[in-house]
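Participant: Here's my sequence, what's the structure:
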Amino acid sequence: MEKILIVEDDNKIARFVELELRHEGYKTETASDGRTGLAKALEPQTDLVLLDIMLPELSGMEVCRRIRQESSVPIIMLTAKGDVTDKVAGLDMGANDYMTKPFAIEELLARIRVALKQRANAGKKEMTALAYGKLSVDLATREVSYDGEQLTLTKKEFDLLAFLLKNKNRAVSREELLSAVWDYDYAGDTNVVDVYVRYLRQKVEERLGIRFIETVRGVGYMIKDEN
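Facilitator: Alright, predicted model coming up:
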């Protein structure tokens, strides 16, 4: 289920769009100022950003520019202005698409579908396999091997290993792992993460004599690049 961030300081518009997106089956999050929107846009769980141009604290243009310095997440700019120069400026800053208010929600939903599909297709082309030394994880076939030897993992074990490898060199919290791997949209009992990390250690680390999943005290887990 894709998560869409709505960065909009008009509460009525933000609420209307949020309800429509949830009705279509998307997860949503909102921000009413540029600084908060920027921080949330850079979270790895965010799949697309609806970004208003006229925002307090940081303008939508500046938020778009800063997002593009660190992320390729799709951005659809929203503005009340119809000036072509604003449209060009937004696209030049790295926005994927642009809509002028007022807009038909059906058109916005269609453009969101296109942007998400393009991102998914790009992701398939860019990343089909992950590796850590002799450990290989094929995202297309969902096969895991070590030095050519096939390893058998459950679906959740595979998803957990793949997510940690995708986020190498970053401490990933138990709450983030719950959301990404188990699709838990709340901070509940995170013990299930520890249990599955233990399974991975038994099936991969202990069996093959390698140690690569690090415990980050008070946070969660991390896989670092090999020394």
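Participant: Enumerate the positions of the helix ranked longest in the chain that are buried.
Facilitator: What stands out as the longest helix in the chain, according to DSSP state H, is helix 105-126. Neighbour counts over helix 105-126 (16 or more other CB atoms under 10 Å) mark 108-109, 111-112, 115-116, 119 as buried. Every C-beta, even on glycine, is put in place using the N, C-alpha and C of the backbone.
Participant: Now pLDDT and distance to G220 too, for these, in CSV please.
Facilitator: Below are these laid out as CSV (pLDDT from 0 to 100; distance: CB to CB, whole Å):
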residue, pLDDT, distance to G220
L108, 92, 35
L109, 93, 35
R111, 92, 35
I112, 94, 31
A115, 90, 30
L116, 90, 27
R119, 80, 26
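Participant: mind giving me the domain ranges of the chain?
Facilitator: By the assignment in automatic domain parsing, the chain contains the domains 3-125, 129-223.
Participant: looking at these, which is buried most?
Facilitator: Mean neighbour count (mean count of other CB atoms under 10 Å) peaks for domain 3-125 among the domains of the chain, with a mean of 17.
Participant: Look up the pLDDT of T85 for me, please.
Facilitator: We have a pLDDT of 69 for T85.
Participant: The longest helix of the chain packs against which elements?
Facilitator: helix 11-23, strand 48-52, strand 75-79, strand 97-100 (3 or more CB pairs under 8 Å, 6 or more residues apart in numbering; DSSP states H and E).
Participant: Show which residues not belonging to the very next helix or strand once past the first one make contact with it.
Facilitator: Pointing back at helix 11-23 there. Using DSSP states H and E, the helix or strand that follows helix 11-23 in sequence is strand 27-31. Strand 27-31 is contacted from outside by 1-8, 14, 18, 21-22, 37, 40, 46, 185, using CB atoms under 8 Å, 6 or more residues apart in numbering.
Participant: repeat that with 6 Å
Facilitator: For strand 27-31, the external contacting residues (CB atoms under 6 Å, 6 or more residues apart in numbering) are 1, 3-7, 14, 18, 21-22, 37, 40.
Participant: And the residue nearest to A14 when sequence neighbours are not counted, how far from D147?
Facilitator: Leaving aside its sequence neighbours, A14 sits nearest to E8 (CB to CB, 6 or more residues apart in numbering; 4.1 Å). Look at E8 and D147: by CB to CB, to the nearest Å, they are 51 Å apart.
Participant: Before I go, just wanted to say thanks for your time.
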